[in-house]
Structure formats: C-alpha cells, structure tokens
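[1] Sharing a model prediction with you, sequence too.
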Amino acid sequence: MTDAGTGLGRTAPAHGGKGSVLRMLPGGATAAPGVRLFLVGGDALARAGIRSLLDGQGGISVIGEDEPGPRALAALRTQAPDVLVVHGLREAHEADALLREIDPGIRVLTVGGAEPQARTAAVLHGHLPHSTTSQQLAAAVSLAAAGYSLTRGPLPPTAPAPATAVSAATPEKAAPRPRATATVSDVPPEQLTGRECQILDLVARGLSNTEIAQSLTLSEHTVKTHVQNLLNKLRLRNRVHVAIYAFETGLR
C-alpha cells in the first residue's frame, strides 16, 4: 500500500526483520521534525549543494559535513547524528569500510557512487541513485531516522501499459526516463549542448577552471567563458548552484 503522508510504498517486513521495507514512489515526504543529519562525501562542492538542498527542509538540520576519513568518524562519534548521508563514494570497498566504523545507532543512506556490498550492515538504511530528487532524499532521511529501510522495487502501475514492440530482454532500446526538474533553474538539461554538459559535470565535481582546462585540453580563458555562459544560460548565481542543478536533474 501507499502511505498518504509520505508518498512512499510500504511492504511488510521480512520474517524476523526488525523494520519495514519501503519502495520509493513518485513525490516526496516532509521530513520528521528534529532530524539531525551529518553529510560525508569527497566532493566539497557536492556536499555544499546537498547541504543547501536539505538544511532546514521539513525539520532536517545538517549539523556537520566532512570528507571521508578519521576526522569525519571523530565528528560522528562526538555529534551522534540521527542520519548520515554518504555521497558519491566511487568504490564499494570505501563505503563498506566506512559502514564498519559507524555506530549502530546512526542510520546511513548512501547517495550515488558505488553501492555498498555490505547490504546486511545494521547501519545501512538504503542506497539512492544520482537521479534522486531533493524531495525524495528528504523523505528518505525522514524515514531512515524513523527506523525504516529503503529498497528498490517496481512502481505500481497507474494505467495499463501500452503495447510495445520493444522486448523486455532489450531494455537498452526502451525510451529514456525523463530527467527530474531542478529547483534552482527552470531550464531543462535537454537544452544543454554536449560541451555544456561536460563543463557542468566538471564544475559540479568541484574542479577549478585550471583543472577543467587540463581535463578538456582547452585554454583557461576558454573554460572561464564556457563556465560564465553556462551560469548565464541556466540563470544560476554560482558554482555551488551548478552542483545543486546537476544533482537535482540527475546529470551527476
């Protein structure tokens, strides 16, 4: 069934399980008041973007952030947040190593990057893809704080599926899923050129103009022009908003 207040589908807990299992459905939920959240990720700009999206939304309070490492673990022990959001760890073993060090009282959500292999870890309450919207992430944080776990599953049909010649065995030929809408810009990502998408991705990763120039074999002046044109086209104020846009639209 679907919880009217959360927009999320609920299934019965597995036999002997300690909590309910949820499947993410369209829409989102208002986070339960008083949820204290800590954010860990290797990309400072991405952390700033996610913090900007979540802090104060529906009662979520981001109490700290850091890159993975001993300093973050020490902060987690000191501040004891309700939920830890881990963003963009590229290797599964990194996420697994981090999970092993987390106090069992902290609920963990991983977003983007490699999916942890330690699916049975007591602290892990779900892995969300890069395309997760800010509303869905806020709902996931609220539910994790309440002791729920998230799992992937098919969405319930809202209408009979139309006949199609595409075989289920060839999903690569299916129509692409539409991207989410960003809250920081009303310009859809489909309006970006290939070069603009490259620039957006590298800016969202936290690279400087010099690093982007080296990566794309361009002059720094050319990169500066590309970045400014991108900001103007998307009507964004700064590079942090570029990271937010990339995260919300699923481009990163």
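    Ah, there it is.
[2] show me where this structure has helices.
    Taking DSSP state H as the test, the helices found in the chain are 44-54, 70-79, 92-101, 134-145, 194-204, 209-216, 220-234, 239-249.
[3] gap between the last one and the chain center?
    For helix 239-249, the distance between its averaged C-alpha position and the chain's averaged C-alpha position is 11 Å (Cα atoms, centre = their mean, to the nearest Å).
[4] Equivalent analysis for the second one, please.
    Taking Cα atoms, centre = their mean, one finds the center of helix 70-79 at 22 Å from the center of the full chain.
[5] For that helix, which outside residues touch it?
    Residues outside helix 70-79 that contact it (Cβ atoms under 8 Å, 6 or more residues apart in numbering): R36, F38, V40, I63, G64, D66, L84, E101, I102, D103, I106. (Glycine included, C-beta is placed from N, CA and C.)
[6] The first one now?
    Residues external to helix 44-54 that are found in contact with it (Cβ under 8 Å, 6+ apart): 37, 39, 41, 60, 62, 65, 67, 85, 87-88, 111, 134, 137-138, 141, 183, 203-206, 239-241, 243-244, 246-248, 252.
[7] buried ones in that helix?
    Along helix 44-54, the positions that meet the burial threshold by neighbour count (16 or more other Cβ atoms under 10 Å) are L45, A46, R47, A48, G49, I50, R51, S52, L53, L54.
[8] gap between the residue nearest the centre of the chain and A95?
    Compute the mean C-alpha point of the chain, and by Cα atoms, centre = their mean the closest residue is V111, 4.2 Å away. V111 sits at a distance of 11 Å from A95 (criterion: Cβ to Cβ, to the nearest Å).
[9] Work out the gap between stretch 231-240 and the centre of the chain.
    For stretch 231-240, the gap between its own C-alpha mean and the chain's C-alpha mean amounts to 20 Å (Cα atoms, centre = their mean).
[10] Sounds good, over and out.
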